[in-house]
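Asker: structural data only, the sequence is not supplied:
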């Protein structure tokens, strides 16, 4: 017996491929419902590149120190005073003068306290403003005609014309 060849396809074999475009339905891959294989893009308008922003040069230590000393001059004075009293107290302690050493250390604590109060004072002064209601508009800016009337009205003193 020889091998018989049937025209039927089995589950392992794939069906024959048709190249005819008209015979493909809309629900099969490559059908009318599928978008075309090569996408069409609309070109966006060409915008010239913006110039790079200029970055600020980093502030050096000396520039920052000068700026801070200029803005708050009492802070370095308080720090130098504290350092002086500390040095004088240590020197008098080394020279075995306990009364002067005790006095210098008390003055050092006082100058430290004064420097901290100066810190707090500068912080409060920089954050304080006379704007009592920052979100509220001034009525004279909202209604300029009301501000021009003032005390006597537009007709002069006493409202008489």
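Answerer: That came in fine, so what should we check first? All of these numbers come straight from a predicted model, not from anything done at the bench.
Asker: state the mean pLDDT of the lengthiest helix in the chain.
Answerer: Looking across the chain with DSSP state H, the single longest helix is helix 98-127. Taken as a whole, helix 98-127 has a mean pLDDT of 94.
Asker: just checking, what packs against that helix?
Answerer: The elements that helix 98-127 packs onto, with contact taken as 3 or more CB pairs under 8 Å, 6 or more residues apart in numbering; DSSP states H and E, are helix 74-94. The way it works is simple: take the backbone N, C-alpha and C, and place the C-beta from them, glycine included.
Asker: contact partners for residue 65?
Answerer: Contacts for residue 65 (CB atoms under 8 Å, 6 or more residues apart in numbering) come out as none.
Asker: buried set for the longest helix of the chain?
Answerer: By neighbour count with 16 or more other CB atoms under 10 Å, helix 98-127 contains the buried residues 101, 104, 105, 107, 108, 111, 112, 115, 118.
Asker: cool, and stretch 86-100?
Answerer: The neighbour-count check on stretch 86-100 (16+ other CB under 10 Å) flags 86, 88, 89, 92 as buried.
Asker: run a quick neighbour tally on residue 52.
Answerer: For residue 52, the count of nearby residues is 6 (other CB atoms under 10 Å).
Asker: try residue 54
Answerer: Residues lying near residue 54 (other CB under 10 Å) number 6.
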